[in-house]
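Chemist: predicted coordinates and the sequence they were generated for:
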Amino acid sequence: MTTATLQRDRQLHPLHVRRATVSAVEHLGERMRRITLALEHGTPPIPWVRLAVGDHVKVAFPHPETGQLTLPTVVDDRPQLPEGAQRPVTRDYTVRATSDGDDEGEDATAAQRVSIDFVVHGTGPASTWASQASPGDTVGLLGPRGSMTEPRDARRYVCLADETAIPAIGRWLEEAPEGIPLEVVIQVPDATGIVPLPPRDGARVTWLMDEAADTLAQALQALPPAPGDYVWAAGEAGAMVQVRRTAAELGIGGEALAPSAVQVDGYWRRGVAGRDHHQPLES
Ligand SMILES: Cc1cc2nc3c(=O)[nH]c(=O)nc-3n(C[C@H](O)[C@H](O)[C@H](O)COP(=O)(O)OP(=O)(O)OC[C@H]3O[C@@H](n4cnc5c(N)ncnc54)[C@H](O)[C@@H]3O)c2cc1C
C-alpha cells in the first residue's frame with residue numbers, strides 16, 4: 001500500500017523585470033533552439049527551485065519593426081510601463097536551466113545565465129524571434145512570480161508532453177527524486193521534433209509522431225494510473241482537455257483519481273496567439 005502524499009508546494013517570488021542578452025544559440029533539433037541569455041549585471045538572479053519543472057518567465061520581445069525593447073518597471077510588485085509606452089509582446093517560456101556567469105572581473109557581480117528552449121513552429125513573434133536570434137540580441141524576462149514544486153514521493157510519475165513541454169520534461173529527467181520510475185510520452189509532429197534528452201535510470205521515454213489531438217490521451221489509456229501514481233501533462237490546450245477527461249474516466253480501481261494525482265496545463269492553443277494559460281483549459 002503506497003503512502004505517497006502527492007503534495008505540491010508553492011513559493012511566491014517578488015516580481016523582477018530583467019534585461020538579458022543572448023550569449024549563445026544552439027540547435028537542439030530542427031525545431032528547437034536553446035537560447036542562453038546573460039542577465040544584465042546587478043539584476044537579481046532568477047530563482048532556481050529543484051523539481052519546480054513548470055517554472056516559467058514571460059519573455060518580452062523587441063518591437064519587430066523598430067527593434068526597440070520597452071520594458072516595464074516594477075511598482076508595488078506590479079509591472080508599470082512608462083506613460084504612453086506600447087506594451088511589449090510577451091510569451092511564457094520554461095526556465096530550462098540557470099548557471100552562474102563566468103565574468104570574473106574585479107568587483108563585477110557575476111551575471112547569471114538562463115537557458116530557454118524555444119520551439120520554432122513557424123508563426124508568432126516568439127517563434128520568429130527565436131528562429132533569428134543571435135548573440136547580442138536583447139529581450140526582457142518578467143518573473144517567475146512563483147515556483148510550484150512537484151510531489152517528491154510518487155509511486156510512479158507519468159509525464160505526457162508535446163514539444164513545448166520538452167524543456168519541462170528535461171527538468172523532470174534531471175530533477176525527479178532517484179528511485180521513482182518515470183514514464184514519459186512526448187508527442188512531436190514528426191521526426192524533426194526529436195531532441196536529445198538527459199539520461200536517467202528508471203525512465204522510459206516514448207516519442208509519438210503525429211499531430212492528432214487525442215494522441216496523448218490515448219497514451220495515458222495505455223498507462224492506467226495506479227494508487228500513488230502522479231500524472232503530469234502539458235501541451236496544446238485541446239489535447240490537454242482530452243488528457244484530463246481520460247484521467248477522470250480511468251480513475252483508480254473504480255474510484256475517481258484524486259485531484260492531487262493529476263496536473264494538466266494548456267501551454268498554447270491551436271489557432272490562438274498568445275493564449276493565457278491561466279484561462280480554463282476549455283476556453
Ligand atoms: C508555463 C508555460 C511554459 C512554456 N514553455 C515553453 C517552452 O519552454 N518552450 C516553448 O517552445 N514553448 C513554451 N510554451 C508555449 C509557448 O508559450 C507558446 O507556444 C506560445 O504561443 C508561442 O508564442 P508565439 O509568439 O511563437 O506564437 P503565438 O503568437 O502565441 O501563436 C501564433 C500561432 O501559432 C500557434 N502556435 C503557438 N505555439 C505553437 C506550437 N508550439 N506549435 C504549433 N503552433 C503553435 C498558435 O496556435 C497561433 O495560431 C510554454 C507555455 C506556458 C504557458
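Modeler: Looks like it arrived, so ask away.

Chemist: residues from this structure in reach of the ligand?
Modeler: 54, 56, 91-94, 117-119, 121, 123-127, 164, 167, 267-274, 277 (C-beta under 6 Å from any ligand atom). C-beta here means a position set from N, CA and C on the backbone, and glycine is covered the same way.

Chemist: what subset of the residues you listed is buried?
Modeler: Neighbour-count burial (16 or more other C-beta atoms under 10 Å) applied to these gives 54, 56, 91-94, 117-119, 121, 124-127, 164, 167, 267-269, 277.

Chemist: keep only those of the residues you listed that are in helices.
Modeler: 125-127, 167 (DSSP state H).

Chemist: in JSON lines: those, plus pLDDT and distance to M148.
Modeler: Output for these, formatted as JSON lines (pLDDT from 0 to 100; distance: C-beta to C-beta, whole Å):
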{"residue": "P125", "pLDDT": "97", "distance to M148": "27"}
{"residue": "A126", "pLDDT": "98", "distance to M148": "22"}
{"residue": "S127", "pLDDT": "98", "distance to M148": "26"}
{"residue": "P167", "pLDDT": "98", "distance to M148": "15"}
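
Chemist: reformat those residues as JSON lines; add distance to L15.
Modeler: Listed next are these as JSON lines, based on distance: C-beta to C-beta, whole Å:
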{"residue": "P125", "distance to L15": "22"}
{"residue": "A126", "distance to L15": "20"}
{"residue": "S127", "distance to L15": "26"}
{"residue": "P167", "distance to L15": "22"}
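
Chemist: for the closest residue in space to T192 that isn't next to it in sequence, grab phi and psi.
Modeler: Spatial nearest neighbour of T192, chain neighbours left out: E30 (3.9 Å); criterion: C-beta to C-beta, 6 or more residues apart in numbering. When read as degrees, to the nearest 10, the backbone of E30 gives phi -70, psi -20.

Chemist: chain center to stretch 260-274, what's the gap?
Modeler: 11 Å (C-alpha atoms, centre = their mean, to the nearest Å).

Chemist: centroid-nearest residue for the chain?
Modeler: Closest residue to the average C-alpha location of the chain: T94 at 3.1 Å, with C-alpha atoms, centre = their mean.

Chemist: residues of the helix or strand hosting T206 that come out buried?
Modeler: Here T206 sits within strand 203-209, counting by DSSP states H and E. Buried residues in strand 203-209, counted by 16+ other C-beta under 10 Å: A203.

Chemist: show me what secondary structure element comes after that strand.
Modeler: Following strand 203-209 toward the C-terminus (DSSP H and E): helix 215-221.

Chemist: partner strands of the helix or strand just after that next one, parallel or antiparallel?
Modeler: Going down the chain from helix 215-221, the next helix or strand is strand 229-236, by DSSP H and E. The pairing partners recorded for strand 229-236 under DSSP bridges are strand 156-162 (parallel), strand 262-268 (parallel).

Chemist: so for L141, which of the ones you listed sits nearest?
Modeler: strand 262-268 (17.7 Å; C-beta to C-beta).

Chemist: what average pLDDT does that closest one get?
Modeler: Per-residue pLDDT over strand 262-268 has a mean of 98.

Chemist: quick one: residues contacting the closest residue to Q68 other than its chain neighbours.
Modeler: Once flanking residues are discounted, Q68 sits nearest to P62: 6.1 Å by C-beta to C-beta, 6+ apart. Contacts for P62 (C-beta atoms under 8 Å, 6 or more residues apart in numbering) come out as 68-69, 88, 129, 137-139.

Chemist: ok, R269 next?
Modeler: 236-238, 275.

Chemist: hang on, the earlier thing: can you check which of the strands paired with strand 229-236 gets nearest to T73?
Modeler: Nearest to T73, of the strands paired with strand 229-236 and by C-beta to C-beta, is strand 262-268 at 28.2 Å.

Chemist: what sits up against that closest one?
Modeler: Contacts for strand 262-268 (C-beta under 8 Å, 6+ apart): 8, 54, 92, 150, 162, 164-165, 230-237, 240-241, 243-244, 247, 275, 277, 279, 281.

Chemist: tally of neighbours for the residue nearest to T192?
Modeler: For E30, the neighbour count with other C-beta atoms under 10 Å is 12.

Chemist: for the one 10 residues further on, same thing?
Modeler: E40 is flanked by 15 other residues according to other C-beta under 10 Å.
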